[in-house]
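Q: Predicted model and sequence below, questions to follow.
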Amino acid sequence: MLRLAARLLATALLVSPAFAPAFAEEIQLPTATGPVAVAANPAKVAVLDIAAIDTLDALGVTPAGTPDNLYVPYLASLSGKALPVGTLFEPDLEALAALAPDLIIAGGRSSTQVEPLSAVAPTVDMTIWEDIPAEGRARIAGYGALFGKEAEATSLTAAWDAKFAEAKAAIAGKGRALIVMTNGPKIAAYGKGSRFGWLHSALDLPEARENLDPETHGDAISFEFIAEVNPDWLIVVDRASAIGEAGSAQATLDNALVKGTTAGQKGQIIYLESAPIYIAGGGFHSMMGTLDQLITAFGK
């Protein structure tokens with residue numbers, strides 16, 4: 001492994017302008033680990049985080065390298081424009097060295113690979129996790145400054161703020177919600193402070209059950225739990241569908257206990273498009289699409 005890393009570093013030193021003397025203007029880019037000085041307007045960028053690719057696409061920036069699976073349908077057009085450089089969890093270091101990017105953007109599932117990636121080219125961790133709406137909004141401005149797309153970033157931010165305001169207005173006074181994620185036959189519930197908790201905290205959506213476990217995998221629950229909580233709204237994320245595996249949240253939740261809740265009786269079960277919120281959470285297209293679904297559902 002050390003021999004491979006040394007060989008990759010040597011290759012990068014020979015072919016990558018990122019390791020040549022830098023004369024480009026530098027900016028302080030806000031990242032998940034604090035401000036980092038990077039060269040502005042990098043010509044060739046490899047991006048290993050779907051939320052980052054999502055927002056860059058909205059800004060009109062096309063990466064030179066991306067993971068081999070982008071998961072979300074609205075990014076399918078990038079598949080022929082970017083070189084595959086591994087997966088979300090396992091970047092292909094040799095492919096990245098051959099690409100010789102000026103900058104590598106990691107984040108989320110690839111954040112643990114920042115150190116080996118940094119041997120290939122300057123790498124930043126742009127993970128969105130703690131406060132997804134605030135961090136996603138901040139990434140728009142950060143990428144705008146990095147790529148000289150300030151005007152586009154301002155326009156996207158205005159649209160972002162307007163959509164959040166519209167969603168909050170649609171949700172106001174409509175009742176309590178329980179957010180669940182299915183994974184085949186398994187079900188977990190998510191509340192404030194969790195990966196999907198921004199639906200409550202940023203949109204003022206009351207929780208049907210408070211004090212749920214905020215950890216990554218949520219609180220394992222049963223159909224009886226859903227019936228006991230009796231939410232006015234049930235918001236569903238289907239993990240199997242999000243990652244392209246067989247499974248159906250509708251089939252999992254098709255039982256008398258769920259149907260007997262207020263949400264079931266009133267037709268207030270919202271099956272979110274799962275790949276955007278699960279894989280690309282915090283990305284511009286992802287957030288706008290999720291908010292549009294909520295606006296439509298709560299506005300009926």
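A: Thanks, I have the structure now.

Q: Against residue 43, how distant is residue 272?
A: 37 Å (Cβ to Cβ, to the nearest Å). Glycine gets a C-beta too; all of them are placed from N, C-alpha and C.

Q: more crowded one of those two?
A: The residue with more neighbours, out of residue 272 and residue 43, is residue 272; 24 against 11, by other Cβ atoms under 10 Å.

Q: give the contact list for residue 259.
A: Taking Cβ atoms under 8 Å, 6 or more residues apart in numbering as the criterion, residue 259 is in contact with residue 265.

Q: any idea which helix or strand comes after the helix or strand bottoming out on mean pLDDT in the chain?
A: Counting by mean pLDDT, DSSP states H and E, the chain has its least confident helix or strand at helix 2-15, which shows a mean of 44. Proceeding N to C from helix 2-15, the next assigned helix or strand is strand 26-29, under DSSP states H and E.

Q: Tell me which other helices or strands the helix or strand that comes right after that next one touches.
A: Using DSSP H and E, the next helix or strand after strand 26-29 towards the C-terminus is strand 36-39. Under the contact definition 3 or more Cβ pairs under 8 Å, 6 or more residues apart in numbering; DSSP states H and E, strand 36-39 sits against strand 26-29.

Q: list the buried ones in the strand it packs on?
A: 27, 29 (16 or more other Cβ atoms under 10 Å).

Q: Can you list the strands that that strand pairs with?
A: strand 36-39 (antiparallel) (DSSP bridges).

Q: and the strand it pairs with, average pLDDT?
A: Mean per-residue pLDDT for strand 36-39: 97.

Q: Which other helices and strands does the very next helix or strand once past it contact?
A: Next helix or strand after strand 36-39 toward the C-terminus (DSSP H and E): strand 45-47. With contacts taken as 3+ Cβ pairs under 8 Å, 6+ apart, strand 45-47 sits against helix 50-59, strand 65-66, strand 103-106.

Q: I'd like the average pLDDT over strand 45-47.
A: 98.
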